[in-house]
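Chemist: all I have is the shape, not the residue letters:
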């Protein structure tokens, strides 16, 4: 069940595949400490062939998660090796989005590098993003629009009718660093 703020997605018809896949992981959390790892996150690294460089879930995993979503939804995965783990890699993935819309991949600058997640909605000054490694879990967060570096999408056929902009009210709690 979606949080009330995002329940509009239950009324918009067919959702983009990346959103549908991501909703199945809501609440997935990394385990605290480098010696204990969530096996679901670690299996993503294994399935993507990067378990030799992704050693624990204390490492940033937003791009690992997005790469996993691409793989399970049959979206192109042009990255290999370390690039699978780099949010910045998604700045050149798919095609430029003419305007950020539901299901688009958004890349943001952050103090320690970049962050990647999926567009859900926006307010005047923020984007509402569904992604991994947001407060150490798969969750929704609100990010300032000024941090956006790229909005990308890929559809082999026409996108669903739900792929458009959605305006909702800001919560006033804006993420500064999505770890």
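Modeler: Sure, I can see it. None of these values were measured; they are calculated from a predicted model.

Chemist: run the chain-centre distance for stretch 158-172.
Modeler: Averaging C-alpha positions (CA atoms, centre = their mean, to the nearest Å) puts stretch 158-172 15 Å from its chain's average.

Chemist: no wait, stretch 21-38
Modeler: Centroid separation for stretch 21-38 versus its chain: 14 Å, with CA atoms, centre = their mean.

Chemist: so which strand or helix has the most centrally placed residue in the chain?
Modeler: For the chain, residue 117 is the residue whose C-alpha lies nearest the centre (CA atoms, centre = their mean; 2.3 Å). Element membership of residue 117, judged by DSSP states H and E, is strand 113-122.

Chemist: what's the answer for residue 70, then?
Modeler: Using DSSP H and E, residue 70 sits within helix 62-72.

Chemist: average pLDDT for that helix?
Modeler: Summarised as a single mean, pLDDT over helix 62-72 is 98.

Chemist: let's verify the spatially closest residue to the residue nearest to the centre of the chain that is not a sequence neighbour: helix, strand, or coil?
Modeler: Spatial nearest neighbour of residue 117, chain neighbours left out: residue 131 (2.7 Å); criterion: CB to CB, 6 or more residues apart in numbering. From N, CA and C alone the C-beta is placed, and that goes for glycine too. The three-state assignment at residue 131 reads strand, by DSSP: H, G, I helix; E, B strand; the rest coil.

Chemist: all set now, cheers.
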